[in-house]
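Student: Sequence below, structure please.
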Amino acid sequence: MDMHDECPHCGLKYKPEPGFFFGATYVSYAIAVAIILTVSVALGPFIPFYQNFEIYAAATIGAVLILFPVIFRLSRHGWLKMFHKYDPSAINKSESTKD
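Tutor: Below you'll find the predicted structure:
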C-alpha cells in the first residue's frame, strides 16, 4: 500500500498535498460498482438471482475483496492522471542530467 514520494524518472510528486487522494475514493467506488455488475451479469445465466441471493452477494463481495489491491492502485493512478499530464520528454531530461 506504500507509494513512492516522487517518480524516479521525471520527478513528479505523487503526494502533491495532504488529502489529495481523498477524491480517489470516488474512482474506487466506480471501479467496485463495475466489478459488482460484471460478476452479477456473469452469474446470471448459471444461477437465478431471485433464488440464490446469498451466492450473488458472496461472489460480488469476494471479487471486490480479492481485487481490492488492484482497485486501490487503479483509483489512485486514475485520480492522479486526472490532474497531472504525462510528459515523456521529462524522462529524457532526467536521463541527460544524470550523465
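Student: Skipping adjacent residues, who's closest to the residue most central in space within the chain in space?
Tutor: With distances taken as CA atoms, centre = their mean, the residue of the chain nearest its centroid is Leu74 (1.8 Å). Distance criterion CB to CB, 6 or more residues apart in numbering; nearest residue to Leu74, sequence neighbours excluded, is Ile31 at 6.0 Å. Any C-beta I mention is one placed from the backbone N, CA and C, and that applies to glycine too.
Student: by contact count, what packs against the helix or strand harbouring the one you found?
Tutor: Counting by DSSP states H and E, the element that carries Ile31 is helix 24-43. The contact analysis (3 or more CB pairs under 8 Å, 6 or more residues apart in numbering; DSSP states H and E) places helix 24-43 against helix 53-66, helix 68-83.
Student: hang on, the earlier thing: show me the contacts for the residue nearest to Leu74.
Tutor: Ile31 is in contact with Ile71, Leu74, Ser75, counting by CB atoms under 8 Å, 6 or more residues apart in numbering.
Student: Which of these sits closest to Thr25?
Tutor: Thr25 has its nearest neighbour among the contacts of Ile31 in Ser75, at 7.3 Å by CB to CB.
Student: Surely that closest one and Ala24 touch.
Tutor: Yes: Ser75 is within contact range of Ala24, at 4.4 Å (criterion: CB atoms under 8 Å).
Student: what is in contact with those two at once?
Tutor: When contacts are counted by CB under 8 Å, 6+ apart, Ser75 and Ala24 are jointly contacted by no residue.
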